[in-house]
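1. Please work out how this folds:
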Amino acid sequence: MNALVEIDMPHRRWRPREHQKKLWRYLMRGGKRAVAVWHRRAGKDEICLHATAMAMMERPANYVHLLPQFTMGRKAIWEAVNPHTGMRRIDEAFPHEMRANTNDSTMLIRFHNGSTWNVSGSDAITSGSSGIGSSVAGIIFSEYALANPAAWAFYRPILEENNGWAAFISTPRGRNHLLSLYQHAQRTPGWFAEQLPATATAALSHEALAETLSEMSALYGEEQGRALYEQEMLCSFNATFNIGAFYAAEMAAVRAEGRVVECEALPDRPVHSCWDLGVGDDTSIWMYQAQGAQLVILDHYKNHGAGVEHYRDELMKRYADRGWQHGDDYVPHDAKIKEWGSGRTRVETMSSLGLHPRLVPLASVDDGINAVRRTLPLCVFHPRCEEGGLDALEQYRREWDDDRKCFKPTALHDWTSHPADAFRYLAMSYRAAPRLVPKEPKPQGWQIPPPRAQRRGGMFG
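-> From the prediction side, this is the model:
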């Protein structure tokens, strides 16, 4: 018979640092919703791992640590080593004595009491490939500013049904869905909201912060380096630097010039839509109207796993409720390809449902990105475009090559891709291409000159 083993929790006599105590007390006292906007290296994941281990002991259920991407979870959490102790973070938080098994391939730990803890990504959740059950009682949204906001929409009703809790931990990435949630937490009773810049904690010395600013300025230039420093270390939502973002400068101008503002469609002009079509993937739709030289972007809608009928209904409801004229519905060029099973193209399906599909001119992705850069200075956005729309345009970025330590020329495919693709189609179709008139070929070789009367306007010209 095995002897009983006494285990201290939190494991290995871990205790929260001074700046972590407020969040720790909230979670230990049964708090249900926490938003912690903490600076880089403040120990956001560390405190949440230990809090989750405590919750697993008290209430057998499923718990999830969610990163923006599944692959990020393995590097940042599952395989991460504490440089101060030389131990894996998960081994510091989850005692081996309490584990029934540890599955490295699925990044899952199961306790003897039946509790499970799993590392996953918001990309896996929204694609339906995570395999996580519905009995989730606690979830950590790590780096929430980069996550697909649809993941919270997926988990929210599950947690409410299970009386579960959620913690959102992140540094800012501009004025996106993290800021919206943080502001909601500030004004909502029962929610925890805290913004911790590095100047308010003892996690990093003044010398270390000065060195960090110097390094960032050397790498990215003084202006962008300081913006990145303010974002990562001072938790500024107003910093305009997003590493690798395609439209960083253009979207910063949209914010700085106050072009996110209440605006409405003119009643005597049509409102058009641009679609990025998906089935298992997300479908994203922008609704807009050209008003002179200005583009008024009126709304954005996205969903996943639904048919064309669903998007038609959502679109028509908005048009009817707001009194908009239904214009054209622009779709990518591959919408003219016949689908398996139905034998019809998506264009034919959309037409049969009362939509007005038009194909976007065929162009390369690079040409489309350049078109967006030229189009964004003309745009005014309604605030209803914020979540899932504007934040996607701000975060649409190049993929990072870990081996070469540089950005790839291609875009990272994540939750931002579909809204960005749909806006790319908008930029290529919001105005008709000018009609090209072929020029007469220039004469080749020596030609007999015309009579003098036909030159320079007349006999004496």
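2. okay, now the domains of the chain?
-> Recorded structural domains for the chain (assignment: automatic domain parsing) are 11-200, 204-241, 270-429.
3. In CSV: these, plus distance to R259 and mean pLDDT.
-> C-betas here are computed from N, CA, C, even on glycine. Compiled in CSV, these are given as follows (distance: least, CB to CB, whole Å; pLDDT from 0 to 100):
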stretch, distance to R259, mean pLDDT
domain 11-200, 13, 91
domain 204-241, 14, 89
domain 270-429, 5, 89
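4. of all these, which lies closest to A252?
-> A252 lies closest, by CB to CB, to one member of the domains of the chain: domain 204-241, at 3.7 Å.
5. how about that closest one: buried residues?
-> Residues 204, 209, 212-213, 216-217, 220, 224-237, 239-241 are the ones in domain 204-241 that count as buried (16 or more other CB atoms under 10 Å).
6. can you give me the strands for the stretch 351-461 of the chain?
-> Taking DSSP state E, counting those that start in this stretch as the test, the strands found in the stretch 351-461 of the chain are 357-359, 379-381, 398-401, 406-411.
7. so R33 touches W191, yeah?
-> Yes: counting by CB atoms under 8 Å, R33 sits close enough to W191 to count as a contact (4.6 Å).
8. what is in contact with those two at once?
-> Shared contacts of R33 and W191, defined by CB atoms under 8 Å, 6 or more residues apart in numbering, are found at A185.
9. Report the contact partners of P270.
-> Under the contact definition (CB under 8 Å, 6+ apart), the residues listed for P270 are Q289, W324, Q325, H326, G327, D328.
10. And the buried ones among these, selectable in ChimeraX?
-> Selection command for ChimeraX covering only the buried members of the contacts of P270, criterion 16+ other CB under 10 Å:
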select :289,324,326,327
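11. Could you give the backbone dihedrals for M233?
-> The main-chain torsion angles of M233 are listed as degrees, to the nearest 10 and equal phi -100, psi -30.
12. Settle this for me: it is touching E211, isn't it.
-> No: shown here, M233 and E211 do not form a contact pair, counting by CB under 8 Å, at 11.2 Å.
13. Which ones among the contacts of P270 lie within strands?
-> Counting by DSSP state E, the members of the contacts of P270 that fall within strands are Q289, Q325, H326, G327, D328.
14. so what's the closest residue in space to L23 that isn't next to it in sequence bridging to?
-> On the basis of CB to CB, 6 or more residues apart in numbering, the spatially nearest residue to L23 that is not a chain neighbour turns out to be A36, at 5.5 Å. In this structure, A36 has the following beta-bridge partners (DSSP bridges): I169, E194.
15. A36 contacts F168, correct?
-> Yes: between A36 and F168 there is a contact at 7.1 Å, judged by CB under 8 Å.
16. So which of the two has more stuff around it?
-> Between A36 and F168, counted using other CB atoms under 10 Å, F168 has the larger neighbour count: 27 against 24.
17. for that one, what are its contacts?
-> With contacts defined as CB under 8 Å, 6+ apart, F168 is in contact with A34, V35, A36, F141, Y144, W152, L178, L181.
18. Farthest-apart pair in the residues you listed, please.
-> Farthest-apart pair in those is A36 and W152; separation 15.0 Å (CB to CB).
19. Quick check: E222 vs L209, distance?
-> Relative to L209, E222 is positioned 16 Å away (criterion: CB to CB, to the nearest Å).
20. ok, now Q195?
-> Taken as CB to CB, the span from Q195 to L209 is 17 Å.
21. Contact partners for W38?
-> Applying CB under 8 Å, 6+ apart, we find W38 in contact with K44, I169, T171, E194, Q195, L196, C235.
22. isn't the first one right up against I169?
-> It stands for K44. Yes: K44 lies in contact with I169 (CB under 8 Å); the separation is 4.0 Å.
23. Now list whatever residues contact both of those two.
-> For the pair K44 and I169, residues contacting each of them under the criterion CB under 8 Å, 6+ apart are A36, W38, S142.
24. Using TSV, lay out the residues you listed together with distance to Q186.
-> Compiled in TSV, the shared contacts of K44 and I169 are given as follows (distance: CB to CB, whole Å):
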residue	distance to Q186
A36	12
W38	15
S142	21
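25. Closest one to C263 out of those, please.
-> For C263, the closest of the shared contacts of K44 and I169 turns out to be A36, at 34.3 Å, with distances computed as CB to CB.
26. what about that closest one, distance to E230?
-> Counting by CB to CB, the gap from A36 to E230 is 18 Å.
27. which strands and helices sit next to the strand or helix carrying Q183?
-> Secondary-structure element containing Q183, defined by DSSP states H and E: helix 177-187. Helices and strands touching helix 177-187, as assessed by 3 or more CB pairs under 8 Å, 6 or more residues apart in numbering; DSSP states H and E, comprise strand 33-38, strand 165-170, strand 191-196.
28. Make CSV from the ones you listed and add distance to A124 to it.
-> Conversion of those to CSV gives the following (distance: least, CB to CB, whole Å):
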stretch, distance to A124
strand 33-38, 23
strand 165-170, 17
strand 191-196, 27
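29. Which one, of these, ends up nearest to P60?
-> Counting by CB to CB, and looking across all of those, nearest comes strand 165-170 at 15.0 Å.
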